[in-house]
Every structure is written in structure tokens, then in C-alpha cells.
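*Asks:* Here's a sequence, model it:
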Amino acid sequence: MSLQLEIITPDKLAFEAEVEQVVLPTPEGEVGVLPGHLPLLIRLKPGELRLVREGTEESIAVDMGFVKVANDRISVLTEAAIDVQEIDLEAVEAAAERAAEAIKKAKDADADPAEYEHFENV
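*Replies:* Below you'll find the predicted structure:
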């Protein structure tokens, strides 16, 4: 038995395949789904969605959203999804450095407290 997994973002169908199992990141913790799972509607939190396809574990980074499980079909509706292997670590590190510099500049310039708090929480 297998599961049909589809991951849909506002832009496109980001992923679609038959899989053996899925582990979803949720606000309540990780939720594992195997064939025959009871129907479920649950919130998705940003994190790592793990799946097993043809005996190999794969990871997909997902943003917040919702998941519907019914009849061995998993539909993930999320703001964004990217295969973890496609993430450019150098670009992520550069973005983190730019964000840290923006926070420092905002703090040094006595920026609006709301703006500073925004940078701290991004």
C-alpha cells in the first residue's frame, strides 16, 4: 500500500508522488502518516516534512499551512515548499548576515521600537 502525497503552494503544485510514509511538522509536534491512516485535518507549521519514497527518506522544507489526510491521500496546502537539497546554504548565510546588520543598524539609529521588534522576530 502507498500514499498519494501532493504539496500545493499558491504558485504551483510543488510536489506530487506516491510515498510510503510522511512525517508532518505541526504545532502539536510531529505527526506520522502511514497507509490506512484515519481522516485528519491539521495545521502545518514551518519546518521539515519528511517522506519515504521507494525506501529512501527525503526532506522538504515547508512553510505554515494545512494538511488534509483522507483515503490514503495527503494534501498539503502551504505558503512555500522547497526540496532541502535545493537550499543554497551560502545564500541563507548571507541573508542571515544582512538581517543581523539591519538589526544592528536599527538598534544603533534608535529606530522605531516596533520596527526593531519586527527585525528581531523575522
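
*Asks:* Any stretches of the chain with poor pLDDT?
*Replies:* 84-89, 91-92, 106-122 (pLDDT under 70).

*Asks:* residue nearest the centroid of it?
*Replies:* By C-alpha atoms, centre = their mean, the mean C-alpha position of the chain lies nearest to residue 62, the distance being 1.4 Å.

*Asks:* and it, how far is that from residue 3?
*Replies:* As judged by C-beta to C-beta, to the nearest Å, residue 62 and residue 3 stand 16 Å apart. C-betas here are computed from N, CA, C, even on glycine.

*Asks:* Show the secondary-structure elements that the biggest helix by length in the chain is packed against.
*Replies:* If you go by DSSP state H, the chain has its longest helix at helix 89-108. Contacts defined by 3 or more C-beta pairs under 8 Å, 6 or more residues apart in numbering; DSSP states H and E place helix 89-108 against helix 113-121.
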